[in-house]
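In: okay, structure incoming, though there's no sequence with it:
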């Protein structure tokens, strides 16, 4: 049998992470049944290829295979023409559920990683607000007047937010967090994160928080100062789509990033797409309603918050909303 006929839209088992700042919207908004943990669940790694965490297929004939096993077997057929067997999946897809605000932190770019060493990996990411409780905020980027010295001097004070860009969280808004951007996700946010495959984070401040043993979490001030891009003062916010319509709409969210591209699809009916000319796999993420993804009799069902991987060789496929009104779907490619 041709290997290309074996591949189909793939769904994966979430890898849940318990953290001291975790929330409850994975269950209250998305209806997920979560494992019992000492600390609340704050992250669901939807697609991951790390040494300490591997996504596992949960549908079809490849059920039980890890994403690393799939890449070893199918290589460019799964990922696209720029990736061979043995490659690592280039992205990490997460849901982040913030019951408390996350630490103020930064991720390095490639140049900072070379200077810092110790296995540092570059990370650029984007956030899409799925849901937000009243008063939820996003902190992302230095404001136009802040100086390096002002930031350093205010790290352990309430004045630090005066030197940062702070935004109200609105479902449908996105934030492009280029490496080197100082940032924090505020309490009450449920968001989808699309990022380079990296787990390198340098904490600048943890807001005086203590763990359940009364100990503060480690900070990484020296590495963070190396990683922060003090020249970048642009706004990272990408305003969400306004209004609704009776026909399908497509809006580019991220289209000039070298690491991934993201489209916001607002669907009132079936959407036809194809991997044939993109040279890349497609990721389809259901945001506010269930959808089916596939072709002919090869469909997978996605509940809100879920993501499936359409292999690069799959070709034409449909995204079919399963409710009336406008359904939001994100499409991610390389």
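Out: On my side now, so go ahead. Not measured: the values here are computed from a predicted model.
In: can you tell me the closest non-neighbouring residue to residue 11?
Out: residue 59 (4.6 Å; Cβ to Cβ, 6 or more residues apart in numbering). Where you see a C-beta, it was placed from the backbone N, CA and C, and this is true even at glycine.
In: show me the contacts for residue 37.
Out: By Cβ atoms under 8 Å, 6 or more residues apart in numbering, the contact set of residue 37 is 16, 18.
In: just the helices in the protein please.
Out: 3-6, 25-28, 67-74, 76-79, 110-116, 148-153, 221-227 (DSSP state H).
In: distance to residue 186, mean neighbour count and mean pLDDT added to those helices, as CSV?
Out: Converted to CSV, the helices of the chain look like this (distance: least, Cβ to Cβ, whole Å; neighbours: other Cβ atoms under 10 Å; pLDDT from 0 to 100):
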stretch, distance to residue 186, mean neighbour count, mean pLDDT
helix 3-6, 44, 12, 64
helix 25-28, 13, 18, 98
helix 67-74, 31, 18, 97
helix 76-79, 34, 22, 96
helix 110-116, 25, 16, 97
helix 148-153, 19, 14, 90
helix 221-227, 19, 19, 96
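In: out of those helices, which comes closest to residue 295?
Out: Comparing these by their distance to residue 295 (Cβ to Cβ), the top pick is helix 3-6, with 12.0 Å.
In: ranges for the strands of the stretch 1-150 of the chain?
Out: Along the stretch 1-150 of the chain, counting by DSSP state E, counting those that start in this stretch, strands occupy 10-11, 15-18, 41-47, 49-50, 53-54, 91-97, 104-106, 125-132, 137-142.
In: strand partners of the first one, parallel vs antiparallel please.
Out: Using DSSP bridges, the strands paired with strand 10-11 in its sheet are strand 307-310 (antiparallel).
In: gap between the nearest residue to residue 251 once chain neighbours are set aside and residue 320?
Out: Distances taken as Cβ to Cβ, 6+ apart put residue 264 closest to residue 251, at 4.4 Å, once the chain neighbours are dropped. Using Cβ to Cβ, to the nearest Å, residue 264 is found at 18 Å from residue 320.
In: got it, and residue 281?
Out: Counting by Cβ to Cβ, the separation of residue 281 from residue 320 is 20 Å.
In: what do you get for residue 189?
Out: Counting by Cβ to Cβ, the separation of residue 189 from residue 320 is 29 Å.
In: neighbour count winner among the two?
Out: residue 189 (25 against 17; other Cβ atoms under 10 Å).
In: list the beta-bridge partners for the more buried one.
Out: Residue 189 has these beta-bridge partners by DSSP bridges: residue 132.
In: got the contact list for it?
Out: Counting by Cβ under 8 Å, 6+ apart, residue 189 touches 96, 97, 98, 129, 131, 132, 133, 136, 138, 169.
In: what sits against the last one?
Out: It stands for residue 169. Contacts for residue 169 were tallied using Cβ under 8 Å, 6+ apart; they are 129, 132, 136, 137, 138, 186, 188, 189.
In: pLDDT added to the residues you listed, as a markdown table?
Out: Shown next, in a markdown table, are the contacts of residue 169 (pLDDT from 0 to 100):
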| residue | pLDDT |
| --- | --- |
| 129 | 98 |
| 132 | 98 |
| 136 | 98 |
| 137 | 98 |
| 138 | 98 |
| 186 | 98 |
| 188 | 98 |
| 189 | 98 |
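In: residue 267 is in contact with residue 246, correct?
Out: No. Taking Cβ atoms under 8 Å as the definition, residue 246 is not a contact partner of residue 267, at 11.4 Å.
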